[in-house]
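J.: Okay, structure incoming, though there's no sequence with it:
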């Protein structure tokens with residue numbers, strides 16, 4: 001039985017789920033003759049663009065996190081209640097691993113396969129729907145998907161949105177984990 005309160009189970013499940021998206025991306029790409037890995041090139045400049053791109057995205061997240069008004073309040077509460085406890089049990093490198101796999105897998109699927117098949121707008125909408133936690137969260141994720149599509153167009157390298165997505169997720173995961181730890185103090189803070 002999987003126990004999401006158990007750090008090891010949560011990390012394994014999250015990495016397994018996100019890795020499954022790589023299989024989906026490869027399968028859909030194969031079915032429609034799209035090779036997403038062909039659009040990935042090692043480039044220090046595009047890694048830099050990805051990191052820089054994540055900063056304003058996380059800044060907007062942090063603004064909404066610190067000042068949750070209106071529809072941002074239930075979104076924050078949902079994140080704290082559902083993802084907060086398992087993320088609070090994680091160490092920073094667990095969150096980094098989950099974020100890295102999520103950045104690679106989701107970008108491989110949404111910008112690597114769906115973007116060439118459906119275009120920036122539809123792949124952005126699908127990205128938002130895949131992140132439907134609340135209607136506002138889906139809208140914001142859809143806008144992030146469009147922005148990641150723009151980054152893909154500007155760099156012509158899937159590596160840049162992969163890095164941006166992974167860095168953003170890591171920072172957001174840390175914020176959620178810290179928020180959950182503040183709500184429920186941990187017994188041994190040196191473990192984390």
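T.: Yep, it's here. All values reported here derive from a predicted model rather than from experimental measurement. Numbers count the residues shown, from 1 in each chain.

J.: which residue is nearest the centroid of this structure?
T.: residue 169 (4.3 Å; C-alpha atoms, centre = their mean).

J.: Apart from its neighbours in sequence, what residue is nearest that residue?
T.: residue 99 (3.8 Å; C-beta to C-beta, 6 or more residues apart in numbering). (Glycine included, C-beta is placed from N, CA and C.)

J.: who's in contact with residue 101?
T.: 14-15, 18-19 (C-beta atoms under 8 Å, 6 or more residues apart in numbering).

J.: Give me the pLDDT for it.
T.: We have a pLDDT of 98 for residue 101.

J.: Can I get the contacts of residue 101 in a markdown table including pLDDT and secondary structure?
T.: Compiled in a markdown table, these are given as follows (pLDDT from 0 to 100; DSSP: H, G, I helix; E, B strand; the rest coil):
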| residue | pLDDT | secondary structure |
| --- | --- | --- |
| 14 | 96 | helix |
| 15 | 97 | helix |
| 18 | 96 | helix |
| 19 | 96 | helix |
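
J.: filter these to the buried ones?
T.: Buried members of those, counted by 16 or more other C-beta atoms under 10 Å: 14-15, 18.

J.: Tell me which residues of stretch 87-106 come out buried.
T.: For stretch 87-106, the buried set under the neighbour-count rule, 16+ other C-beta under 10 Å, comprises 87-90, 94-106.
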